[in-house]
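S.K.: quick check, what structure comes out for this input:
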Amino acid sequence: MRLAWFFLALAIATEVVGLTVMKAASESGSYLGHIVMYVSIALSYVFLAKAVKTISVGVAYAIWEGSGVAIITLVSVFVFGHVLTGREMLGLSMAIVGILLVNAGEYHDEDEAAREGATDERA
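M.R.: Below you'll find the predicted structure:
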């Protein structure tokens, strides 16, 4: 299970790298930047595919996409000097709350097995 979460973290990180490089490459027109962008985004999907072998696809996708949006927004603020509007800050806050709620709603196979074991012992 931990390996799946590691793959999900790698998927998020490579997506953020790809999108950050996309912005830089679009401004400079660098072919190398475009190659790095395509490779990073492709790796992001590979890592996401490995994560969903264990984590439910809905939860993994929500965390991947929501975290990616939140992190790339922060990168755009701190690296590219974007100034967030009130609506953008509200949206970012809602995305973070949504990610936390989706993750809190996910129960793990170990938890279910423990609950079933406790039920079996009572019977």
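S.K.: contacts and neighbour counts: CA atoms only from here.
M.R.: OK.
S.K.: below-threshold pLDDT in this structure: ranges please.
M.R.: 106-123 (pLDDT under 70).
S.K.: measure E27 to F80 for me?
M.R.: 11 Å (CA to CA, to the nearest Å).
S.K.: neighbour-wise, which of these two wins?
M.R.: F80 (13 against 9; other CA atoms under 10 Å).
S.K.: on the three-state scheme, the more buried one is what?
M.R.: Under DSSP: H, G, I helix; E, B strand; the rest coil, F80 falls in the coil class.
S.K.: need phi/psi at it.
M.R.: phi -100, psi 0 (degrees, to the nearest 10).
S.K.: likewise for V52?
M.R.: Torsion angles, degrees, to the nearest 10, at V52: phi -80, psi 0.
S.K.: what's the neighbour count on the nearest residue to it once chain neighbours are set aside?
M.R.: The shortest distance from V52 to any non-neighbouring residue, by CA to CA, 6 or more residues apart in numbering, is to A60 (6.4 Å). Using other CA under 10 Å, A60 has 25 other residues around it.
S.K.: which residues touch whatever helix or strand A60 lives in?
M.R.: Assigned by DSSP states H and E, A60 belongs to helix 57-78. For helix 57-78, the surrounding residues in contact (CA atoms under 8 Å, 6 or more residues apart in numbering) are 8-9, 11-13, 15-16, 19-20, 48, 51-52, 82-84, 92, 95-96, 98-99, 102-103, 106.
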